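Engineer: Here is my input, please return the structure:
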Amino acid sequence: MARMEYTPLSRDPSPESSKDDLIEWPLECIGFDEQEREQIMGEISLLGHLASMTEQDIRDMATSLSRRKDEDDGRVRIGQHRLQQLIGLMHWAQDLRRCGRSIAYDTDTSEAEFHELIDTANDRARIRKAKIHNDTITGATDPGKFTDDTKWHEWSQALLTN
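Structural biologist: Numbers count the residues shown, from 1 in each chain. Sure thing, here's the model as predicted:
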């Protein structure tokens, strides 16, 4: 599979389109139908809003949407795969903000290319989490600097057991 460069391209909405159009197409790519997209866009109206959210915010929103009751059973059952894609969309927006780029996509981006962007963002988030976890474990097992010759035995034992 060819590696896609992670570059945002501007997608300026036409004068007759609303701001919600900026997030509607990504939600459609993820697999949400029109009613589900409207419900989600009631919670997240712009792609930029995703950049300030956390994974727990997305999970809480999914839970909230699945519990709503109205006359048309307006519940949104997201499911695990679409939830992961929505979280990936959030990571994609955060990656762009982290790089100082505008949170936008090219109008020529295909659905497959967009899924690849989301998958790449999810992979990067997993790598960041693993690095934080590894740094924590490494720091906990570090015996510290050897500074006192009289404590060589204790320090060397700490080095061996960690």
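Engineer: how close does Gly154 get to Asp148?
Structural biologist: Slight slip there: residue 154 is Glu, not Gly. Glu154 sits at a distance of 9 Å from Asp148 (criterion: C-beta to C-beta, to the nearest Å). C-beta: built from backbone N, CA, C; applies to glycine.
Engineer: just Glu111 next, same as before
Structural biologist: Separation of Glu111 from Asp148 (C-beta to C-beta): 63 Å.
Engineer: Looking at these two now, which is surrounded by more residues?
Structural biologist: Glu111 (13 against 9; other C-beta atoms under 10 Å).
Engineer: Please give the element, helix or strand, for the nearest residue to the more buried one once chain neighbours are set aside.
Structural biologist: If the residues on either side of it in the chain are set aside, Glu111 comes closest to Cys29, at 4.8 Å by C-beta to C-beta, 6 or more residues apart in numbering. In the assignment (DSSP states H and E), Cys29 maps to helix 21-30.
Engineer: so where's this structure shaky on pLDDT?
Structural biologist: For the chain, the stretches flagged by pLDDT under 70 are 1-21, 70-74, 133, 135-147, 149-150, 159-162.
Engineer: remind me, longest helix of it?
Structural biologist: helix 111-141 (DSSP state H).
Engineer: Show me which positions of that helix end up buried.
Structural biologist: By 16 or more other C-beta atoms under 10 Å, the buried positions in helix 111-141 come out as 114, 116-118, 120-122, 124-125.
Engineer: Tell me which stretches of the chain form helices.
Structural biologist: 21-30, 34-43, 47-50, 55-67, 79-98, 111-141, 152-161.
Engineer: Including distance to Ala104, could the ones you listed go into CSV?
Structural biologist: Listed next are these as CSV, based on distance: least, C-beta to C-beta, whole Å:
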stretch, distance to Ala104
helix 21-30, 7
helix 34-43, 17
helix 47-50, 7
helix 55-67, 20
helix 79-98, 8
helix 111-141, 12
helix 152-161, 51
